[in-house]
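> okay, here's the prediction I keep looking at, along with the sequence it came from:
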Amino acid sequence: MTTPLTPPPKKNPLKRSLTPTSPPGVRSRATLGLTAAAAEGRFMLQTCAECSTVQYPPRDACCECLSVDLPWNDISPTGTLLAESTVRTSTNLYFRERAPWRLGSVHLDAGPTIICHVHGDVAPKSRVILSNRLDRSGQGVMIALPEQRTPDMEDDPELRAMSSDPKHRRVLITDARNPNAPTLARALHDAGATMIFVGESETWLPNPQRDALSAIPGVEIMALDVTNTTSVKELAGEIGGKVDILINNARFVRPGGAMARGDVAFAQNEMDVNYFGLMRLAQAFGPGMCARTADGVNSAVAWINILSAYALVNSADYGCFSASNAAAFSLSQNLRNDFRAAGLRVMNVFVGPTEDDWHQELPPPKVLPPTLARSVVQGLRHGLEDVYCGDVAKDMIERFRAGPKILEREMTTGGQG
Amino acid sequence: MSTLTDLTLRMASGEVEVVDLTHTLDPDFPVIILPPEFGQCARFRMEEISAYDHRGPAWKWHNISMSEHTGTHFDAPSHWISGRDVPNGAVDEIPTEQLIGPVVVIDCSEGTTEDEDFELTPALIEAWEAEHGRIPANSWVLMRTDWSKRRGAAYLNMREDGPHSPGPTPEAMRLLVEERDIRGFGTETVGTDAGQGAHYTPPYPAHYILHGAGKLGLQCLANLDKLPPTGAVLIAPPLKIRNGTGSPLRVLALVEK
């Protein structure tokens, strides 16, 4: 049985914080398919288009018939643990610091046998579910989990190292004025977050959500305006050393594309909040978080951007807002590069139209705060990089993958249907 | 001794005091808030260009951005639709002699303490004149409310039905503009009009009547309690922005002790 994690003791100020180390991060181009699948929590393997053999490890030609037509497909993750071993020391620093580490081989029902990490609750020779996860180097790796849930199984050290679980961690939600803030804060509290800092801009204006937020245990409202560099730096100076998970929910949205607007004023607001806001937060909070990714139970673990699904392709009715989100999406990829060495996960949650004042004219389905909060918490627990929240976002990514140009044409009809 | 030499000597000796009527330009200083579908007033922002570092080793400087109507600021006639056709109605066109001149202060601070929607009325102006004499033509008229001492949310005092703060009635503005021919009108609140000024006829009477007649506005003033009712000189030159409708500025008053 997994030993449940206990709340971490206060840090010993005489002890040096560990410098983050990474598991091996080099992969072949073919193997990056595993990483892409793990980024969104899918279990996928190559399946030969000619002879249907399921492949592992990923490769460039079929191990049966040498065909090079090896598309990635969702595969049933069930199998049986064949053999296992526990590594007690390693020449690799990351595993050396975390030993003992359990490994094993799993015979997948779909065919191949896979060397993988093994959860502590998996009994010898038992049935398992393989989970494809991103490790701290941001690469897809397999971990065998017990077929049935076990108590506190998410506290298993191997599994926790492959997640961004909010349990016992401290969170910063950047915008107390976003209608989703109280629901997000409540969900993080329910998921075990110990402190939930919520940034509030312009304290000289009433915030109707202040009471709802203050009522949530662990919530502390702090002054933060992502459009004000000084404000972002000041808050990072104050609490930057204890932000383990940063959720950037700050957003400025107005309907309209370039031609529907007579000026660039709202577009500047959109860029200032949605794009430069992310950049200011990253410059202020990123270095401190990257330095603390090996800091014990409440180490810094994830950076979450709530982006519009219109970051993928421009939605004409929200043309300028879409552009600002495309910019933020691109910046998030840049941050992934910069946070990679520290193992700080950047998770983008793409949402379709949200249920708020600025999407009032759009028909349902619209994303409600509880749906978003669920996506955020699940994404953290699974250590994901890409989450598509709500029917519109899920539909959009599927259509985007099928053909970005076709989707672009569908989204830019010029009002002609 | 020339007048100017005399003045500078008196300033040096403290007989003439220079009073700063300006709030610090600060990112957290409130700006006017309009319904969110309208364009909004930009807050003051400052971004570092360099600070004696790799971006510029021996110097520190910032880029700043704001609206023409952020912080302690000046309203030109072209700010309002009633003043759109006033000749020389933009900040760069206003004759420079209009930027320094006599100022009178009507103290409404007592009434404002009791009533946040306190109105400056013709009766109050006439009562002030009974004590201090008729408002001279081409004077600045400042409405002292001590509102500048308010901080945070109490400054805009925003509620479900909009902001609540003191200001002049349309009749008071007509009296000042049409019968006293003032130079301009200034307040300590975020605008020259009352918080509920949209509900007068005409809406926003201070803006409408002042600027329609080519008169000037000042708002977000501070330290009006340090000015005498009459006899001070106001120095209020806006930035020379081409076709600017207003400008943040440093407002100073010369006060004889």
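That came through, no problem.
> give the bridge partners for the most centrally placed residue in chain A, please.
Centroid-nearest residue in chain A: A:M347, 2.7 Å away (criterion: Cα atoms, centre = their mean). Listed beta-bridge partners, A:M347: A:I304 (assigned using DSSP bridges).
> wait, what's in contact with it?
A:164, A:302-305, A:379-380, A:384-387 (Cβ atoms under 8 Å, 6 or more residues apart in numbering or on different chains). In this view, the C-beta of every residue, glycine as well, is placed from N, C-alpha and C.
> repeat that with 7 Å
The contact partners of A:M347, by Cβ atoms under 7 Å, 6 or more residues apart in numbering or on different chains, come to A:164, A:302, A:304, A:379, A:384-385, A:387.
> then A:D317?
Taking Cβ under 7 Å, 6+ apart as the test, what A:D317 contacts is A:P255.
> follow-up on the earlier one: show me which of the contacts of A:M347 are buried.
A:164, A:302, A:304, A:379, A:384-385, A:387 (16 or more other Cβ atoms under 10 Å in any protein chain shown).
> indicate the residue of the stretch 301-417 of chain A located nearest to chain B.
Among all residues of the stretch 301-417 of chain A, A:D357 sits closest to chain B, at 7.6 Å; criterion: Cβ to the nearest Cβ.
> so where is chain A shaky, pLDDT-wise?
Residue ranges of chain A with pLDDT under 70: A:417.
> buried residues in the lengthiest strand in it?
Assignment by DSSP state E gives strand A:78-87 as the longest strand of chain A. Buried residues in strand A:78-87, counted by 16+ other Cβ under 10 Å: A:79-81, A:84.
> stretch B:211-219 too?
B:211-219.
> endpoint to endpoint, it covers what distance?
14 Å (Cα to Cα, to the nearest Å).
> how about stretch B:107-121?
End-to-end for stretch B:107-121, by Cα to Cα: 12 Å.
> next, the buried residues of that stretch.
Those buried within stretch B:107-121 under the rule 16+ other Cβ under 10 Å are B:107-109, B:112, B:116, B:118-120.
> how about TSV for those residues, with pLDDT added?
Formatted as TSV, these follow (pLDDT from 0 to 100):
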residue	pLDDT
B:D107	98
B:C108	98
B:S109	97
B:T112	96
B:E116	97
B:F118	98
B:E119	98
B:L120	98
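> quick check: the farthest pair among these?
Distance extremes for the buried residues of stretch B:107-121: the farthest pair is B:D107 and B:E116 at 16.6 Å, using Cβ to Cβ.
> sorry, back to before: wait, which of the buried residues of stretch B:211-219 is closest to B:P27?
B:Q219 (18.5 Å).
> could I get the pLDDT score of the closest one?
B:Q219 carries a pLDDT value of 98.
> count of residues packed around residue 51?
Here I'm looking at chain A. Counted with other Cβ atoms under 10 Å in any protein chain shown, the burial measure for A:C51 works out to 12 neighbours.
> chain B was what I was after
Using other Cβ under 10 Å: B:A51 sits among 12 other residues.
> wait, it sits on B:K60?
Yes - applying Cβ atoms under 7 Å as the test, B:A51 and B:K60 come out as touching, 4.5 Å apart.
> re earlier: count residues in the vicinity of the residue of the stretch 301-417 of chain A closest to chain B, would you?
Neighbour tally, A:D357, other Cβ under 10 Å: 10.
> look up phi and psi at it.
phi -50, psi -40 (degrees, to the nearest 10).
> excluding chain neighbours, what is closest to it?
Closest residue to A:D357 apart from its sequence neighbours, by Cβ to Cβ, 6 or more residues apart in numbering or on different chains: B:P36 at 7.6 Å.
> state the phi and psi torsions of A:V367.
The phi/psi pair for A:V367 (degrees, to the nearest 10) is phi -80, psi 120.
> report the separation between it and A:A393.
8 Å (Cβ to Cβ, to the nearest Å).
> same check on A:L134?
Relative to A:A393, and taking Cβ to Cβ, A:L134 is found at 20 Å.
> out of the buried residues of stretch B:107-121, the closest to A:P13 would be?
B:E116 (50.0 Å).
> so which residues on chain B come close to chain A?
B:27-28, B:30, B:33, B:39, B:45, B:47, B:152-153, B:155-156, B:158 (Cβ under 7 Å from any Cβ of the partner chain).
> can you tell me which two in the residues you listed are farthest apart?
Once Cβ to Cβ is applied, the residues of chain B next to chain A give B:E47 and B:M158 as the farthest pair, at 28.1 Å.
> between those two, which one's more packed in?
Under the neighbour definition other Cβ under 10 Å, B:E47 and B:M158 were set side by side, and B:M158 has more, 18 against 13.
> for that one, which non-adjacent residue is closest in space?
A:P206 (5.7 Å).
> check the secondary structure at the one you found for me.
coil (DSSP: H, G, I helix; E, B strand; the rest coil).
> count the residues that sit near it.
A:P206, neighbours per other Cβ under 10 Å, totals 14.
> got phi/psi on it?
phi -60, psi 150.
> from B:I33, how far off is it?
10 Å.
> who touches both of those two?
B:M158.
> helices of the stretch 201-350 of chain A, start to end?
For the stretch 201-350 of chain A, helices defined by DSSP state H, counting those that start in this stretch occupy the ranges A:210-214, A:229-239, A:265-270, A:277-290, A:319-340.
> actually the stretch 1-150 of chain A, sorry about that
Using DSSP H, counting those that start in this stretch, helices in the stretch 1-150 of chain A cover A:32-39, A:93-98.
> quick one: which of those helices is nearest chain B?
Nearest to chain B among the helices of the stretch 1-150 of chain A is helix A:93-98 (32.0 Å), distances taken as Cβ to the nearest Cβ.
> list the buried residues in that closest one.
Quick answer for helix A:93-98 (16+ other Cβ under 10 Å): A:94-95, A:98.
> before we move on, what about stretch B:244-257?
So for stretch B:244-257, counting by 16+ other Cβ under 10 Å, buried means B:244-249, B:251-255.
> which residues touch the residue in the stretch 1-150 of chain A that chain B sits nearest to?
Nearest residue of the stretch 1-150 of chain A to chain B (Cβ to the nearest Cβ) works out as A:T19 at 24.9 Å. By Cβ under 7 Å, 6+ apart, the contact list for A:T19 reads A:A294.
> where does it fall, phi/psi-wise?
According to degrees, to the nearest 10, A:T19 has phi -80, psi 130.
> same question for the one 4 residues further on.
Phi and psi for A:P23, reported as degrees, to the nearest 10, are phi -70, psi 160.
> ok, the residue nearest the centre of chain B - contacts?
Nearest to the mean C-alpha position of chain B, by Cα atoms, centre = their mean, lies B:L218 at 1.8 Å. Contacts here follow Cβ under 7 Å, 6+ apart; on that basis B:L218 touches B:74, B:184, B:186, B:236, B:251.
> so how far is A:K11 from B:R151?
Distance from B:R151 to A:K11, by Cβ to Cβ: 36 Å.
> likewise for B:V18?
53 Å.
> can you check A:D74 too?
Taking Cβ to Cβ, one finds A:D74 at 43 Å from A:K11.
> within range of chain B, give me the residues from chain A.
A:203-206, A:227-231, A:265.
> and the residues you listed, which two are furthest apart?
Maximum distance among the residues of chain A next to chain B (Cβ to Cβ): 25.0 Å, for A:P206 and A:T229.
> distance check, the closest residue to B:S247 other than its chain neighbours against B:T189.
Spatial nearest neighbour of B:S247, chain neighbours left out: B:P238 (3.4 Å); criterion: Cβ to Cβ, 6+ apart. Look at B:P238 and B:T189: by Cβ to Cβ, they are 19 Å apart.
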